[in-house]
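1. Structure here, sequence nowhere to be found:
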């Protein structure tokens, strides 16, 4: 069990098959990356198998262009200029499961997290 | 422009790389499929390029197992027994763009849709 | 067992990695989607594991361009104009297997199908 | 232009996402690999962009298991025992295109090919 | 241009199609992730397009199992126990290119990096 | 066990998602293909499960462009002109494992290989 709040900062590069015809990142791809980050953070905190129970409202504030680097909780960075823009946030509710696949309690996150 | 409400029913088979270690569908994969369906429906209605503006709360009510067929707006079907379970719903807000990438109006959906 | 003929209409969007250098859909990708549709239809009819025994002659009548939506038994649709063109058909012979992997009989399809 | 008949022997390893629930290779995956080989052979012969015009009847004679190596025109090999079985053959008709995307003639294949 | 040494810590989950039949991570997949990290670090430092000039000797010290999280410069973590093992290191030489694709100089990395 | 030295010549087509923004093949993708070839050759020689122990220095001598065919031990071929350029070589050390996952001896390769 970790003492500090676990984190999972995903770093992805936006490739052509992540984008629509305007060359901007598909919302569904962004949601999948955000859920993957939530899955890893929750696994690291609970040290159990976790599943997604609910994704809360996600607003897509700026468009992410092909060729940009994406860090999830979701910052787009132009690899040439270094400009970074926060582009979306989300909230995912995860459930920890015991060895029988039954929901189970996990320790509270550290205060302030 | 279509006279009736456009629809896009996606049909996917849950493969090993869509699942976690319990063999159930990742939430992020489900969200990506739902956004893809929203993208197709909105494209067919607006006949313009569309982007995701917001995904609203999505609840994952039942687990979808590997080897099941998934229809998005999201029914899991056991291919052997034919049993079907509605497993989640979602609401995605899409924005239509004109040729300059500027948000633009689209006709209202048919009443009752 | 279903009373009516089962169907499986796949809906795919043609992405860059589905196309050749002219930006048109690879024949092999189309064949894979057609087989996937055949697999789902046959699974739904037989409610058994099925395998492909034979694909019959497939003619590719029109080219499908990147960015079009594809419905298998295989209609290409331009998402902006809504124009639809039937582009290919195929016939796949599937075999149902019992629990031991042995070919097994399935009920006849409804008349008129 | 090559003097001898060009060839393209693809070598693939059958992974979990190429297989059904019996752990055997999907027919559609095999068809996609066969088309890819036909595309490469025809490109090498014509030295032009080629497209698939027609796939002729393909019979699937033996099942290919996960973890086997596949050589297209389509031999499955068990990597541990070295046993090899010819499992299917196919015939793909390709069309060469000139710089304007118009079908165009290519030299005859060498005799005996 | 960043003042501090840029970093790129990739976080990946080992899925079935990243592994061999013993369920351990393919060396080639690890190399691809390491090169991706090198590409991102070098892009962030040079703020130019970079290409790989040379990968130096890479030793694979421990096996990484399916279902583990991988951080590149390459730590495997069991998501249930939290155990972490350094499993490999590598050295990739990258070249920065100017707008014409010609190799070009970049500022030195901060001392101590 | 084969009497002659086994070989594995991989043939791949460079697609958009294998390339950077200059349209040239990522080094990491090339390394992954080289390791896959080494895996197949070593499997065919040892007829056992093999794992990568070490990749030695790999130099990337020429850039491989999107749309080229790649043969691993690594020749890039322009599909239109037929021009071929040797572009990189590598050396991968593989270890054969017995049924318990323990490293095990394999017969020597034929002389001259």
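-> On my side now, so go ahead. Since this is a predicted model, take the numbers as computed values, not measurements.

2. ok, now how distant is the most centrally placed residue in chain A from residue B:32?
-> The residue lying closest to the centre of chain A (CA atoms, centre = their mean) is residue A:34, at 2.4 Å. When distances are taken as CB to CB, to the nearest Å, residue A:34 and residue B:32 turn out to be 11 Å apart. C-beta: built from backbone N, CA, C; applies to glycine.

3. Then residue A:99?
-> Taken as CB to CB, the span from residue A:99 to residue B:32 is 29 Å.

4. Kindly report the same for residue A:84.
-> Taken as CB to CB, the span from residue A:84 to residue B:32 is 24 Å.

5. So between the two, which is more surrounded?
-> residue B:32 (22 against 13; other CB atoms under 10 Å in any protein chain shown).

6. Need the nearest residue in space to that one, chain neighbours excluded.
-> In space, and not counting its chain neighbours, residue B:32 is closest to residue A:28: 3.8 Å by CB to CB, 6 or more residues apart in numbering or on different chains.

7. With residue A:57 instead?
-> residue B:56 (5.4 Å).

8. so where does residue A:99 fall, helix or strand?
-> Here residue A:99, judged by DSSP states H and E, is contained in no helix and no strand.

9. Can you report the mean pLDDT over the residues of stretch A:85-102?
-> Across stretch A:85-102, pLDDT averages out at 73.

10. show me the contacts for the residue nearest to residue A:82 when sequence neighbours are not counted.
-> Of all residues not flanking residue A:82 in the chain, residue E:47 sits nearest, at 5.8 Å (CB to CB, 6+ apart). Going by CB atoms under 8 Å, 6 or more residues apart in numbering or on different chains, residue E:47 touches A:79, A:80, A:81, A:82, E:1.

11. give me phi/psi at residue E:47?
-> Main-chain dihedrals, residue E:47, degrees, to the nearest 10: phi 50, psi 40.

12. per-residue pLDDT, it?
-> Reported pLDDT for residue E:47: 81.

13. so residue A:56 makes contact with residue A:93?
-> Yes: taking CB atoms under 8 Å as the definition, residue A:56 is a contact partner of residue A:93 at 7.3 Å.

14. relative to its centroid, which residue of chain A is most remote?
-> residue A:100 (26.6 Å).

15. Quick check, residue A:12 in contact with residue A:33.
-> Yes: between residue A:12 and residue A:33 there is a contact under CB under 8 Å: 6.0 Å.

16. what touches both of these two?
-> Here residue A:12 and residue A:33 share the contacting residues A:70, A:72, scored by CB under 8 Å, 6+ apart.

17. Around the residue nearest to residue A:57, how many other residues sit close by?
-> 14.

18. residue contacts, it?
-> Counting by CB under 8 Å, 6+ apart, residue B:56 has contacts A:57, B:90, B:91, B:92, B:93.

19. residue ranges with poor pLDDT in chain A?
-> A:1-7, A:21, A:73-75, A:86-90, A:109-113 (pLDDT under 70).

20. in it, what residue is nearest chain F?
-> Closest to chain F within chain A is residue A:16: 4.8 Å, counting by CB to the nearest CB.

21. Any figure for the gap between that residue and chain B?
-> Separation of residue A:16 from chain B (CB to the nearest CB, to the nearest Å): 16 Å.

22. Can you give me the neighbour number for that residue?
-> 15.

23. cool, the one 4 residues further on as well?
-> Summarising burial for residue A:20: neighbours were counted as other CB under 10 Å, giving 22.

24. Please list the residues of chain A that sit near chain E.
-> Contact residues (CB under 8 Å from any CB of the partner chain) of chain A with chain E: A:1-2, A:8-11, A:13, A:36, A:39-40, A:43-44, A:47-49, A:69, A:77, A:79-82.

25. The residue lying closest to residue A:76 once chain neighbours are set aside: neighbouring residues, count only.
-> Nearest in space to residue A:76, with sequence neighbours left out and distances taken as CB to CB, 6+ apart, is residue A:64 at 4.3 Å. Residues within reach of residue A:64, counting by other CB under 10 Å, total 27.

26. List the contacts of residue A:64.
-> Counted by CB under 8 Å, 6+ apart, residue A:64 has contacts A:14, A:24, A:25, A:30, A:70, A:76, A:87.

27. show me the contacts for the closest residue to residue A:19 other than its chain neighbours.
-> The shortest distance from residue A:19 to any non-neighbouring residue, by CB to CB, 6+ apart, is to residue A:66 (4.8 Å). By CB under 8 Å, 6+ apart, residue A:66 lies in contact with A:14, A:15, A:16, A:18, A:19, A:23, A:24, A:25.

28. rerun that using 10 Å as the cut-off
-> A:13-20, A:22-25, F:21 (CB atoms under 10 Å, 6 or more residues apart in numbering or on different chains).

29. now residue A:69
-> A:11-14, A:75-79, A:84, E:8, E:39-40, E:43-44.

30. go on, residue A:49?
-> Shown in contact with residue A:49 (CB under 10 Å, 6+ apart): A:39, A:42-43, A:95-99, A:101, A:104, B:20-22, B:24, E:67, E:79-80.

31. before we move on, what about residue A:106?
-> Applying CB under 10 Å, 6+ apart, we find residue A:106 in contact with A:1, A:42, A:45, A:46, A:47, A:48, A:50, A:94, A:95, A:96.

32. sec struct for it, please.
-> Of the three states, residue A:106 takes coil under DSSP: H, G, I helix; E, B strand; the rest coil.

33. same deal with residue A:36?
-> Classification of residue A:36 using three-state DSSP returns helix.

34. Same question for residue A:30.
-> Assignment for residue A:30 (three-state DSSP): helix.

35. Near chain F, which residues of chain A are found?
-> Within reach of chain F by CB under 10 Å from any CB of the partner chain, chain A has these residues: A:13, A:15, A:16, A:17, A:18, A:66, A:67, A:79, A:80.

36. what about 7 Å?
-> Applying CB under 7 Å from any CB of the partner chain, we find that chain A lies next to chain F at A:15, A:16, A:17, A:67.

37. a markdown table for these, including secondary structure and distance to residue F:108?
-> Below are the residues of chain A next to chain F laid out as a markdown table (DSSP: H, G, I helix; E, B strand; the rest coil; distance: CB to CB, whole Å):
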| residue | secondary structure | distance to residue F:108 |
| --- | --- | --- |
| A:15 | coil | 43 |
| A:16 | helix | 46 |
| A:17 | helix | 44 |
| A:67 | coil | 48 |
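
38. among these, which ones are buried?
-> Buried members of the residues of chain A next to chain F, counted by 16 or more other CB atoms under 10 Å in any protein chain shown: A:15, A:67.

39. tell me the two of the residues of chain A next to chain F that are most distant?
-> A:17 and A:67 (12.9 Å; CB to CB).

40. Find the nearest non-adjacent residue to residue A:94, please.
-> Distances taken as CB to CB, 6+ apart put residue A:42 closest to residue A:94, at 3.8 Å, once the chain neighbours are dropped.

41. Backbone dihedrals for the one you found, both of them.
-> Here is the backbone geometry of residue A:42 (degrees, to the nearest 10): phi -70, psi -40.

42. So it is in contact with residue A:52, correct?
-> No: using CB atoms under 7 Å, residue A:42 makes no contact with residue A:52, being 8.8 Å away.

43. list the residues that contact both of these two?
-> Taking CB atoms under 7 Å, 6 or more residues apart in numbering or on different chains as the contact rule, residue A:42 and residue A:52 both touch residue A:94.

44. Chain B contacts on chain A?
-> Chain A comes close to chain B at residues A:20-22, A:24, A:26-29, A:31-32, A:35-36, A:49, A:51-60, A:63, A:97, A:101, as judged by CB under 7 Å from any CB.

45. Can I get the buried ones among these as something I can paste into PyMOL?
-> In PyMOL syntax, the buried subset of the residues of chain A next to chain B is picked out as below (16+ other CB under 10 Å):
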select buried, chain A and resi 20+24+26+27+28+29+31+32+35+36+49+51+52+54+55+58+60+63+97
